[in-house]
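[1] What follows is a predicted protein model with its sequence.
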Amino acid sequence: MSVELDVFVGNTTIMDQEVYQLWLSGYTVGDAVKVRMDGGVLDGCDASAEVLRSDTMDQFRTFQMCERLLHNPAKLANQLLFQIPPDRQAMLIDRYYAFDDAFVREVLGKKLSKGTKKDLDDVSSKTGILLKSCRRQFDNFKRVFKVVEELKGPLVENIRQHLLLSDRLARDYAAIVFFANHRFETGKKKLQYLTFQDFAFCAGELISHWTVGAMDNQLEDMDVDLDKEFLQDLKELKVLITDKDLLDQHKSLVCTALRSKTKVFAEMEASFKNLSRGLINIAAKLTNTKDVRDLFIDLVEKFIEPCRSDRWVTIDVNLYLTHYINSAHILDTFKHQAVWNSLWDELFKMLTDIQHVTVCFLVKMGMVASGASAAAEGTRATAASSEEPVPVHPTQFTTSISFSFRDMLNVGCRAWPHSG
Amino acid sequence: MPGKLKAKIVAGRHLPVMDRASDLTDAFVEVKFGNTTFKTDVFPKSLNPQWNSEWFKFEVDDEDLQDEPLQITVLDHDTYSANDAIGKVYIDIDPLLSSEAATVISGWFPIYDTIHGIRGEINVLVKVDLFNDLNRFRQSSCGVRFFCTTSIPLCYRAVVVHGFVEELVVNEDPEYQWIDRIRTPRASNEARQRLISLMSGELQRKIGLKVLEMGGNAVVGYLQCFDLEGESGLVVRAIGTACTLEKLSGGGATNNAQHTANSSPSKDMKESPKACMSGCRSSHSSPVHGAASRLAQSFSVSYPTLLFSGMGSGGSAGKEAGPLKILLRQQTQTALEQREFPFFTLTSFPQGFLLHVAGVVSARSVKLLDRIHNPALGSTRSYKLLDWSSCSADEPETRDAWWEELRQEIKSHARALGCHAVVGYSESTSICEEVCILSASGTAAVLNCRFLQDGCLDVLSEHRCDDSAPPGCGFCHVPYDELNMPFPAQLSPCCCCHRTKVPDVLFTTIDLPTDAQVTGKGCLIQARLCRLKKKSQGEGNATCISNLLPFLEYELHTQLLNKLKLCGMNALFGLCIQISVGENMLVGLASATGVYLSALPSPGGIQIAGKTPNDLTYDQHVSSIQRKINDTIVKNRELYEIHITEVAEDVIGSPIPEPRQRSRLFRSHSESSDELSELDLSHGKKDAFVLEIDDTDAVEDLHSLLTDAPTPPGFYSCNTEIMPGIYNWTSAIQMFTSVRVFRLNNANLTNLGLNKIFNELCENLLKSLYFKLRSMVPCCLCRLNFTVAVPEDELIQVAVTAVAMSFHKDQTQEANKAAQAHSQMKAIAETEEQLQFPLELNAESASPLSPKGSGPQDGSNSHGRAPSVDYSSFADRCSSWIEQLRLRAHTIRRGSIKTSSSPLPEGRSRSLRSTRSFPGSSVSVVKMTPLSFIPGAKIVKYLGIINMFFIRETTSLREEGGVSGFLHAFIAEVFAMVRAHVAALGGNAVVSYSMKECVFMENPNKNQAQCLINVSGDAVIFTRESDQEGHLPQTSHPQPTEDTPP
């Protein structure tokens, strides 16, 4: 005695959000029934587990049939097979493309290849996310990557339009695509303390300041690739560490400014050359793809860890970088003032925020890049030498700054191990 | 050459990838009508081709226009090999042939392939230029409109109701032709789809011709069915009611709005149709052919139906009726008797049309299907495999003769009940191998003779006064004479008017009349039964089945009656009894909606009796069961809000009945203190139905009685159009189809065990539905339509289609909403509001009393009658079942209830309520509902009938998710195609939707399955009533205090 066939089809497709979530999480029908039972769906209903099972099966089947459409969300809106109200459609898409932070953290920056997909069972056992769900999330990354790979124009906007995702999800996917494209190393142990959202923030800043699209808002918008020209420009910074005089001068300027303002002055003074060398080397090497990949790990190893071992607190780092940058423009021997100014101004000030140190680093670099291109056009050759560095795009500049400060205040204390 | 069909192929989208190498498709389209084919250019390398073709023009006979569908085939161009078909679209152009329906078909259609399902969509434009053909001898019937709706369509008025039309066409089933062995499944399926499309087109055309001959312009209650007879062919048959309809203009429209909200379609026709006398026609005056003699057994109603209808033998009951009735009858009968079959497929009627209802009449016969005589291929045009008008094969004749027999039988049963007409008439078949059960059923009724005469509109009102029968109860009054009853029934005086007799129980196949007085709410009542039978073949099998049938029907009936009593109700509407035959069992499922008709006496309880009364423990057992039953009755009364105040039997303003009746009334009063044991004052018999629990049947009955779970809180269910007692629908509706197939693994099942399984299957299915739809609470499942089938040896298939409609929980909420609406509405002066409320107060304060009051609204002038059956006095059981039948047959109970007080306010409160409008959003989706109306909306146009037939087959069952995955996808696809066709006609809803056929076959070992689905409905355009419009009426609420504007 068994039910051989059991289907329920509504003119308007009936979907329970809770069941959808269970399906997305990769539960089997049996497990989903258990979860629902424990969740108390049957309370107040005169229904048996059998009924619940039948309902769950039905919905799982419906979702499976919808899945094909969800792979191309634009289709969902004008397909005829399922009559789904628009708000439900949006819900279906958003939930389908949602991902677990724990999962994405494992895959971030990896090549979205078959090889990686094969390793998903490891990821699954490590994160506790069911393999089925891992596969779905991985395939989503891959799909989005494929869709926007060849598209021109702003990345986030492309994702939002072609996949009908919400703003937040579109931004996250942009980060994932960006990281996957440059294969940034994020999996090292030293980087484990950073969350996906930290990286997503970095990606956002990188996209808006370092990429071709950010440099040049013309037709050739390409948000995915870094601006080669800008990376080339960064090489010029090497003078700061190769020229011994300059290095000493810089150090003395910074130290003068910092004296008596911080408890860790001695350590700062002692490690100045090391830190400076570390930062400049990172910046100068970015023309190599391999070094781009290691950007975050390098930042942590060469700058953040030394600071940390010296027991700097966030404010110290902030101060240090502010003055490191400010002093840089005073170095009158520096030839390319325009570049110099803004570069170090932004670059180092942002390093203050330890939680988002990488972020800030990149943000500021980005700002510089804009400045650099402006300078290259010869529009501001003289202005660059002034004491007060005037960013090329004042509004952009201030927003970035304030953003970073806010972050610093909010997050810094928590993230910085020895603060408070 | 009276028609020009024009088609244009615009574009395609979401096409499947046909070329693996490029991941693209080179698509082009073939457009075919009749023998003419056009092609579009190939649109290379695209999944979203833009053909934007020229207009393809077909110049064709209107006969072909009616028969043929427009065939659109999408193909993938292949340079080196044959072009691959992507899929097809069949477009029925019939809606374009009537000036009042759709004018253009334009939209996206799913491209359908019988193996792969939907594969992309195609945008098509179709138009028809029709030239008038005045040829008297024409074969076409363009312009006759078809409606599936079994009431007069909402924006029409019936000028004349002509009567019954029927037709059937027969053909070979392509699946059983020799060629099927060499062609692909796809080709075979497509041949079948095309053939059925052709046949139903032809059928409609022929029926249309009959309608034109009768002088009508429309067919209402059109019911078309397929009989897949396997080897012996394929029968497409249809019945309907021919009418002359007139579109309501302006004034009528407002009228309409009220009706829709009231969910009572029928009132529209107040204007009174006259049934016209032209006899109904059956096309083949069929001499019974050789085939007929081959029927194993033509078993007809005589035994089973006497349960419902009384003895068929008493044929001339009408003439012997009392003098008063004779008068009435003479007029109508002469009129109706001229017709061959005075049948009406309608289930709800204009007010005043229906005078009395006597009860269900049904007839069944078991036939043996013939082998095909002549593979008559080629005798006709190439596209119609057979044209029966020219080909003299005796198939249709045979089938016609079969049905004619049944109809005659039904007619004579109706006569026996003193009725001259049958309403709510329907026909069905169940086929297993070569055995076929034909069933016909309807409700015997007396129609208003004045409606049957021409030009009597003015007279009508006078007559009403003359008759002065309270309309709310008129239809319940028995049409037969008390002294000369066709069966041993016991009658009691009507509880509303106290003047005429009513039966104690009333069974009908029609919808609840809108003016019927009902106490409380209704509920779905089902009787379910399985009977094992020996496997056998041919005549032996047929005999075996026909021997079983009467018992089956009898037991179904007993179950229904018991359950009805258990619910504390006294009438069944929309009764539908299906009997399906399988190889080794018969399955019977009877569904109906139980209600408590205020006019009928209160139902008796059920009394349990033990066989060995001296045994003490046994007595305890018996009494515990008795207690349980009594508790259930009380609970159910509570649940369905059946509050009977058996107080006042004195009727204010109603004439005092004859003394004898009067005394009965008093007696009933005196005994009414005892709530549980119903008073039975009839003829001194035992009042309650007695069940002896020693009896296996009784145990079974008892079992099924007590295992039926009540509907969960917040849910109501019925299989009729409307649920009495619920008026404040919201606009949220959800139509659904659910199918279950159950496999019986246990080979040695007893009848008892089988019953239990079947019962659980149905109960679980219902429970599942309630659970699924829990978010819509409070809601009512309307038009719950169950279909059972026994597709294979050990399989039982149950398919349900219904609509869940939510309603406002309590009227308080309503009140609030109304109040809000009020405050939002600016201008309409407060004075008006203030005026309004006092009126409502009146209305509402009256309505709580209304169960007692028989609110005579204007309506049918006459006394209705009910068929009834009730068994009583089981105590003296007889061994012979015929004896039992009689005994059970009828008892009379007369609990007298209430009286009438203020009819007017009651009427008003109803009409007020009816126009309530609901907050609704206008969504551009296509709604589907099996009902004839959409709550809170007004149907402004009928675009034509939707009648679609699909086949889906798979050879990769497992890959498609097994049988469930396969069928789930298919049903979803069918819905999608129906919606697409409606949208292309310009509509936004399908009403009177039904799934007539769902034949599912599987062969899991071969990883194959096949399914056939036939659906139908009426495509319509509806508009939401604006807040303003519905606003004023919205303000009727039960609690006067709530009404006071803040």
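    Noted; the coordinates are in hand. Numbering: from 1, shown residues only, chains lettered A, B, ... in the order given.
[2] wouldn't A:R88 be in contact with A:M15 here?
    Yes - look at A:R88 against A:M15 with CB atoms under 8 Å: they come within range, at 6.5 Å. Every residue, glycine included, has its C-beta placed from N, CA and C.
[3] Stretch B:791-808 near chain A at all?
    Yes - for stretch B:791-808, a contact with chain A is found by CB under 8 Å from any CB of the partner chain, at B:795, B:797.
[4] List the buried residues for that stretch?
    B:791-792, B:794-808 (16 or more other CB atoms under 10 Å in any protein chain shown).
[5] Ok, stretch B:624-634 next?
    B:625-626, B:629-630, B:632-633.
[6] The stretch 551-700 of chain B: helices as residue ranges?
    For the stretch 551-700 of chain B, the helices defined by DSSP state H, counting those that start in this stretch cover B:616-639, B:659-671, B:696-707.
[7] Worst mean pLDDT among those helices?
    Of all these, the minimum mean pLDDT falls on helix B:659-671 (a mean of 32).
[8] a markdown table for the buried residues of stretch B:624-634, including distance to chain A?
    Below are those laid out as a markdown table (distance: CB to the nearest CB, whole Å):
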| residue | distance to chain A |
| --- | --- |
| B:I625 | 22 |
| B:Q626 | 25 |
| B:I629 | 20 |
| B:N630 | 22 |
| B:T632 | 15 |
| B:I633 | 19 |
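[9] do you know how far B:G221 is from chain A?
    23 Å (CB to the nearest CB, to the nearest Å).
[10] Neighbours of the closest residue to chain A within the stretch 301-450 of chain B, how many?
    Residue of the stretch 301-450 of chain B nearest chain A, by CB to the nearest CB: B:C432 (18.5 Å). Using other CB atoms under 10 Å in any protein chain shown, B:C432 has 21 other residues around it.
[11] and the buried residues of stretch B:791-808, which of them are in strands?
    B:795-807 (DSSP state E).
[12] Any stretches of chain A with poor pLDDT?
    Counting by pLDDT under 70, the ranges of chain A that qualify are A:1, A:212-224, A:314, A:325, A:328-420.
[13] And the strands in it?
    A:2-10.
[14] Break it down into its domains, please.
    A:17-83, A:101-215, A:228-411 (automatic domain parsing).
[15] and the second one, is it in reach of chain B?
    The reference is to domain A:101-215. No - using CB under 8 Å from any CB, domain A:101-215 stays clear of chain B, with a minimum separation of 12.6 Å.
[16] how far out from the middle of the chain is that domain?
    Mean-position distance between domain A:101-215 and its chain equals 8 Å (CA atoms, centre = their mean, to the nearest Å).
[17] For residue 52, list the residues it contacts.
    With no chain named, the answer covers chain A. Neighbour list for A:L52: A:33, A:36-37, A:41-42, B:771 [criterion: CB atoms under 8 Å, 6 or more residues apart in numbering or on different chains].
[18] that answer is for a different chain, and I need it for chain B
    B:9-11.
[19] one more time with 7 Å, if that's ok
    Residues in contact with B:N52 (CB atoms under 7 Å, 6 or more residues apart in numbering or on different chains) are B:10-11.
[20] Next, it: secondary structure please.
    Assigned by DSSP: H, G, I helix; E, B strand; the rest coil, the conformation of B:N52 is coil.
[21] so how many other residues sit close to the nearest residue to A:L295 once chain neighbours are set aside?
    Distance criterion CB to CB, 6 or more residues apart in numbering or on different chains; nearest residue to A:L295, sequence neighbours excluded, is A:F184 at 6.3 Å. Using other CB under 10 Å, A:F184 has 24 other residues around it.
[22] swap in A:E106?
    The burial count for A:E106: 23, using other CB under 10 Å.
[23] quick one: the nearest residue to it once chain neighbours are set aside and A:L76, what's the gap?
    Excluding its sequence neighbours, the residue lying closest to A:E106 (CB to CB, 6+ apart) is A:V123, at 4.6 Å. According to CB to CB, to the nearest Å, A:V123 and A:L76 sit 28 Å apart.
[24] Near chain A, which residues of the stretch 751-900 of chain B are found?
    Neighbours of chain A within the stretch 751-900 of chain B, by CB under 7 Å from any CB of the partner chain: B:757, B:764, B:767-768, B:771-772, B:774, B:795.
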